[in-house]
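Chemist: sequence and predicted model, in that order:
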Amino acid sequence: MFARTITIAAILLTGFISVPAQARVDVNIDLDLSPPPPRVVVVPEPQHGHIWSPGYWAWDGRHHVWVEGRWIQVREGYRWEPERWEDRGHHRYHFEPGHWERERHHREHERYEHERHEHEHGHRGER
């Protein structure tokens, strides 16, 4: 009986542990303290197929800590928006994590292709 209880508990615990690993977590950081000015850094030589993401000030729960810049592999059709602090006014600063944004011309191309497909599909249905 004890072994069965342990087995069931282990299975349940494994399920609970694996779920957070699959979930996306967004953390919002808003402070009444502005980050220090960015550090002046010499950007290393370019790497083929990569873009440079500049360093930034992160918040560790007590104070700002510098995070070094890094090379990020390019994603076709996207542009990288680096980490940054946004001044929200009234001495409020919001941390915006780095993320990929679809480039405008790719969205327009996808919309054009979708509309073209719908148009062609409509004509095929009339034949």
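Modeler: Looks like it arrived, so ask away. Every value quoted in this text rests on a predicted model; they were computed, and no experiment measured them.
Chemist: next, residue 85: secondary structure please.
Modeler: At residue 85 the chain is in strand, as set by DSSP: H, G, I helix; E, B strand; the rest coil.
Chemist: and stretch 97-104, C-alpha only, in CSV?
Modeler: Only the C-alpha atoms of stretch 97-104 are listed here, as CSV (Å, rounded to 0.1, in the frame of the first residue of the first chain):
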residue,chain,number,x,y,z
PRO,A,97,11.7,42.1,-22.5
GLY,A,98,13.4,41.5,-25.8
HIS,A,99,11.2,39.8,-28.5
TRP,A,100,10.9,39.2,-32.2
GLU,A,101,8.4,41.3,-34.2
ARG,A,102,7.1,40.3,-37.6
GLU,A,103,8.4,42.7,-40.3
ARG,A,104,5.6,44.7,-41.9
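Chemist: show the average pLDDT along it.
Modeler: What stretch 97-104 shows for mean pLDDT is 94.
Chemist: again, but for stretch 77-86
Modeler: 96.
Chemist: now the end-to-end length of that stretch.
Modeler: 25 Å (C-alpha to C-alpha, to the nearest Å).
Chemist: and stretch 65-77, by the same measure?
Modeler: Using C-alpha to C-alpha, the end-to-end distance of stretch 65-77 comes out at 32 Å.
Chemist: got the contact list for that stretch?
Modeler: Residues outside stretch 65-77 that contact it (C-beta atoms under 8 Å, 6 or more residues apart in numbering): 39, 41, 43-44, 47, 49-59, 80, 83, 100, 102-103, 106. From N, CA and C alone the C-beta is placed, and that goes for glycine too.
Chemist: try 7 Å this time
Modeler: The contact list for stretch 65-77, computed with C-beta atoms under 7 Å, 6 or more residues apart in numbering, reads 39, 41, 47, 49-58, 80, 100, 102-103, 106.
Chemist: same question, stretch 37-54
Modeler: Here stretch 37-54 has contacts from 55, 66, 69-74, 80, 82, 98, using C-beta under 7 Å, 6+ apart.
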